[in-house]
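Asks: my questions are about this predicted structure, shown below with the sequence.
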Amino acid sequence: MSSTTNSPTHHTSTIGAIGAPSRRNTELALLVFAVVIPVFAYANVGLAINNHVPAGLLEYGLGLGLLAGVAHLAVRKFAPYADPLLLPLATLLNGLGLVVIWRLDQSKLLQSLKGFSPAAPRQLLYTALGIALFAAVLIFLKDHRVLQRYTYISMFCALTLLILPLVPGLGADIYGAKIWIRVPGLGSLQPGEFAKIVLAIFFAGYLMVKRDALALASRRFMGLYLPRGRDLGPILVVWAISILILVFETDLGTSLLFFGMFVIMLYVATERTSWIVFGLLMSAVGAVGVASFESHIQTRVNAWLDPMREYQLSRQITHDGILHSDQLQQSLWAFGSGGTLGTGWGQGHSDLIKFAANSDFVFATFGEELGLAGIMAMLLLYGLIAERGMRTALAARDPFGKLLAVGLSGAFALQVFVVAGGVMGLIPLTGMTMPFVAYGGSSVLANWALIGILIRISDTARRPAPAPAANPDAEMTQVVRPS
Amino acid sequence: MNKPLRRIAIFCGLLVLALLIRDNYLQYVEAGQLASNKDNRRVSIERYANPRGDIIVDGNPITGSVESTGRQFKYKRTYKDGPMWAPVTGYSSQAFDGSQLEKIDDGILTGNDDRLFFRNTLDMITGKTKQGGNVVTTLNAAAQKAAYSGLAKQGGKGAVVALDPSTGKILALASYPSYDPSSFAGDRNSDAKAWNDLKSNKAEPMLNRALRETYPPGSTFKVVTAAAALENGLYKSADEQTDSPLPWIMPGTTTPLKNEGNIPCKNATLREALRWSCNSVFGKIGSDLGNEKMLDEAKKFGFDSEQFTPVRSNASVFSDNMNHSQTALSSIGQFNTAATPLQMAMVASAVANDGKLMKPYMVDKLQSSNVDTVEQTEPQEMSRPLTSANAQVLQDMMQTVVDKGTGTNAKIPGVMVGGKTGTAQHGVANSANPYAWFISYAKLPDGSSPVAVAVVIEDESANRDDISGGGLAAPIAKNVMQAVIQSKK
């Protein structure tokens, strides 16, 4: 049985309540790097491609600096004790993402494709909106525990968001995955990205209430605690929804992400390993079951097993009714051609990936131009964000905050793994976007909101506890003496 | 709740670790293999990132590079007299890879060859852009022009190979019909169309007939059979009477081996038999020597093995495990016997070079961009199919053929020319039009032999009776030999 509160004396990693420095100046110093590094990268791309520093360098640098400054001021004012690493890490990744998107805009090959328009200006706009949303989270969400009240509303919202792409006239099938909705005048939206956050709120609220029942009422069998049948209900529902997403939206990534997030949160809430075993079994059964009849998933798996064959098929006219794509093989070539140190900014040929080069496959451009060294650095940046989130969960004093933080950062880590693993050929491709670096408004907005919530929880966790009020009973206790 | 939380934190760390391990495998272990994969477009993008070096004939480049207007490639290959030189250069195309010299010496031409490493490093330090090196060929522009225009004027399919007998240098290498490698050097739709048209053309313009097509050599193979007779001591001189009944019934059969027309072949001397091209005499020589001895001699001339000039040439064929009548037919260039034009030029060149066969080659040297020699090809003796004395006997006989035999069309005033005609039958029951062959060499008054040549013409439109090596092929051989002799002066 877990305790809902932690005594600082038992866990040295828990932040001591008294005298914690705010670390805002550390954050500011790191932010300077997070802005300057992308500015240099931007200049480097311009020099490599056009032999001169890009004309917009000053505006770009000032713009990114301004956005980072606004975010920093919002944190300083509204979450002064927040984790100092999260904001600079997100800013750095977002800045590098902008550089790569601008770099791919310069590709003559991509420019010649149908429907090309420069993506970098729009991504800059999304970044501004994302940071505005981040600031709004900090300003309006004074205490994350408020979210607890909206547990069931969140569930409703999440389900709505997930079903939206299936609504006729609203949903859009883009290259086999139905995860988009078209909003007139706004363009395409990926509601799944937002559903990730809203679902985490629902799970955290729900599990906080039910965890005792789930953890305690169980029989022991072969070293595992078997949950009661009626307690299995919620996990079965989430499982069923993931399977439905997989079947109707053919979106392996989102499905995996939601189910994985739920299992992680369930395990943390109940401390029962048996839930992990159940979770793994159920996802295996679900994935294999769906893959046995869903051709879209089969194609993805086949492409993963033999990308070269898929490449050859994409060059020919096939009559199997499947859209064969050379993207994975092109992505692997991009990584391989980058080698240890990469070709340098602007000197690779990752534009050969063509479709989705700046969104789902944006990581391949980093791989080719920054090489093994750059990719390892970036993976560590992502790892750091996830681990700072975990640390926030450890430090949080309330179970809801703990669950929400572990859910959000766990989902973040899973998403990074699924996307990076997909484009590097470690696991089948799933069609999600790399947080912060990939082109896409939904992704940028949702991830900034996610960082905002994590920062809010970490601020609450690290804030010095108010001085204990004088105990009204203290004197009374002294009075009663056995003498 | 903190214990499972810590475990989840470790799990997330493991996810990142898995990605790091995969990335190391991808970008370190597998990187080289992925980067150099032939389907990886970057390989050809890199190939055309700098102006390509040139292929050089007689000091003049026959190739060039222009800035490409394409989206990915910076430069594009161009060719001067593309169709004439295509059997030498091959092609280098942005969309369709490369072939022959363009492919074999790609490293030198792009400047990526390891042997240019020092030069490239110097250039990098001094800030010069990387430049490709050159491939200097052994070819003779005048001879090549004579060969190609001769074939073009004749109009049928065919090929010409000319060698320098004393070194093995390839002087001319022409194939007709040919193709212009410039027409598909880029990666546009027009290039793809040109490529597809060439590939679907029934006349097979992209087939390098000089190296990659084997034809039945017909009577020209009698030179090899005569060499075998002399080398094995069956007959000692050109003017010794042979033991040749007429008609001669092939052993184990009731069929006589027929001659073309009523020619004096009964017990003819080797000289007369070669002059009149007696099937009965040479068929019997092959049969008398047997399969093994004939095969030995043919192999010494280069049959049954591929040649690398460095462009690969198909292996010519002389079979083993044949009975006497099959050996007899093979010894007059029929049955299974098949030869590339290069092979028959090698036969003529070995005779002309007093029995010494030099390894044929077409790359004289490889140069770096600042014309330092990176690699020089030295002439190399391949084998000795004939002793010097026997070679001179055979030369004497071949000169008789041109003087007063079937090859008079190849006569050049003031030059001793030796040769042999051939009209090879092929097709089911010999129904197809025969191939016209001529092999020859020229000998200058000072005793040196500057050129040996083989010409083959397969003409489907010509009248069957018109086809004879002497009529169609010999004039082209003559022009090629004259061109070489002229350019030596």
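Replies: Perfect, I can see it now. Numbers count the residues shown, from 1 in each chain, chains lettered A, B, ... in the order given.
Asks: helix or strand right after the host helix or strand of residue A:288?
Replies: For residue A:288, the host element (DSSP states H and E) is helix A:273-291. Remark: after helix A:273-291, the chain's next helix or strand is helix A:295-305, criterion DSSP H and E.
Asks: helices and strands around that next one, which ones?
Replies: On a contact count with 3 or more CB pairs under 8 Å, 6 or more residues apart in numbering or on different chains; DSSP states H and E, helix A:295-305 meets helix A:273-291, helix A:307-315. Every C-beta, even on glycine, is put in place using the N, C-alpha and C of the backbone.
Asks: how about residues contacting it?
Replies: Here helix A:295-305 makes contact (CB atoms under 8 Å, 6 or more residues apart in numbering or on different chains) with A:176-177, A:246, A:250, A:252, A:287, A:290-291, A:309-310, A:321-325, A:328, A:425, A:427-430.
Asks: of these, buried ones?
Replies: By neighbour count, with 16 or more other CB atoms under 10 Å in any protein chain shown, those hold A:176-177, A:246, A:250, A:252, A:287, A:290-291, A:310, A:322, A:324-325, A:328, A:425, A:427-430 as buried.
Asks: helices or strands up against the helix holding residue A:288?
Replies: strand A:224-227, helix A:229-248, helix A:252-270, helix A:295-305.
Asks: point me to the residue of the stretch 1-150 of chain B nearest chain A.
Replies: residue B:34 (2.3 Å; CB to the nearest CB).
Asks: contact partners for that residue?
Replies: Counted by CB under 8 Å, 6+ apart, residue B:34 has contacts A:332, A:333, A:335, A:336, A:337, B:26, B:40.
Asks: hmm, the fifth one is touching residue A:353, no?
Replies: Put plainly, it is residue A:337. No - if you go by CB atoms under 8 Å, residue A:337 and residue A:353 don't touch, sitting 12.0 Å apart.
Asks: packing partners of the helix or strand containing residue A:87?
Replies: Applying DSSP H and E as the criterion places residue A:87 in helix A:86-105. For helix A:86-105, the elements it packs on are helix A:24-50, helix A:57-78, helix A:120-140, helix A:362-395, helix A:441-462, judged by 3+ CB pairs under 8 Å, 6+ apart.
Asks: now do the same contact list for residue 48.
Replies: As the question left the chain open, I've gone with chain A. Contacts of residue A:48 (CB under 8 Å, 6+ apart): A:344, A:345, A:346, A:347.
Asks: sorry, I should have been clearer: chain B.
Replies: Per CB under 8 Å, 6+ apart, neighbours of residue B:48: B:68, B:73, B:74, B:75, B:76, B:77, B:94.
Asks: next: residue A:91.
Replies: A:31, A:34, A:35, A:64, A:67, A:68, A:71.
Asks: counting neighbours, which of those residues comes out on top?
Replies: Highest neighbour count within these, by other CB atoms under 10 Å in any protein chain shown: residue A:71, with 26 neighbours.
Asks: name the nearest residue to that one, ignoring sequence neighbours.
Replies: residue A:131 (5.1 Å; CB to CB, 6 or more residues apart in numbering or on different chains).
Asks: run a quick neighbour tally on residue B:103.
Replies: Neighbours of residue B:103 (other CB under 10 Å): 14.
Asks: can you pull the pLDDT of it?
Replies: What the model reports as pLDDT for residue B:103 is 90.
Asks: isn't it right up against residue B:97?
Replies: Yes - in terms of CB under 8 Å, residue B:103 counts as a neighbour of residue B:97; the distance is 7.2 Å.
Asks: identify the farthest-apart pair in the contacts of residue B:48.
Replies: B:74 and B:77 (12.0 Å; CB to CB).
Asks: more neighbours: which of the two?
Replies: Each of residue B:74 and residue B:77 has its neighbours counted (other CB under 10 Å); residue B:77 has more, 27 against 13.
Asks: what about chain A, any weak spots by pLDDT?
Replies: A:1-20, A:172-178, A:184-187, A:217-227, A:231-232, A:234-235, A:318-319, A:321, A:467-483 (pLDDT under 70).
Asks: got the contact list for the closest residue to chain B within the stretch 301-450 of chain A?
Replies: Using CB to the nearest CB, the closest approach of the stretch 301-450 of chain A to chain B is made by residue A:336 at 2.3 Å. Contact partners of residue A:336, counting by CB under 8 Å, 6+ apart, are B:26, B:27, B:30, B:31, B:32, B:33, B:34, B:35, B:37, B:40.
Asks: so among these, which ones count as buried?
Replies: For the contacts of residue A:336, buried by 16+ other CB under 10 Å: B:26, B:27, B:31, B:34, B:35, B:37, B:40.
Asks: was I right about the first one contacting residue A:333?
Replies: Looking back up the chat, that one is residue B:26. No - when contacts are counted by CB under 8 Å, residue B:26 is not listed as touching residue A:333 (10.4 Å).
Asks: and residue A:192, how many neighbours?
Replies: 28.
Asks: for it, which non-adjacent residue is closest in space?
Replies: residue A:254 (4.5 Å).
Asks: then residue B:256?
Replies: Here the residue nearest residue B:256, using CB to CB, 6+ apart, is residue B:247, at 3.6 Å.
Asks: the longest strand seen in chain A relative to helix A:441-462, how many degrees between them?
Replies: For chain A, the longest strand by residue count, based on DSSP state E, is strand A:177-183. Strand A:177-183 runs at 90 degrees relative to helix A:441-462, counting by axes from the mean of the first three to the mean of the last three CA atoms, to 10 degrees.
Asks: strand A:177-183 pairs with which strands?
Replies: strand A:171-174 (antiparallel), strand A:187-189 (antiparallel) (DSSP bridges).
Asks: okay, which residue is most central for the chain?
Replies: All of this refers to chain A. residue A:412 (3.1 Å; CA atoms, centre = their mean).
Asks: hm, I was asking about chain B
Replies: Note: chain B centre (CA atoms, centre = their mean) maps to residue B:211, 3.1 Å.
Asks: how far does stretch B:259-276 stretch from start to finish?
Replies: 9 Å (CA to CA, to the nearest Å).
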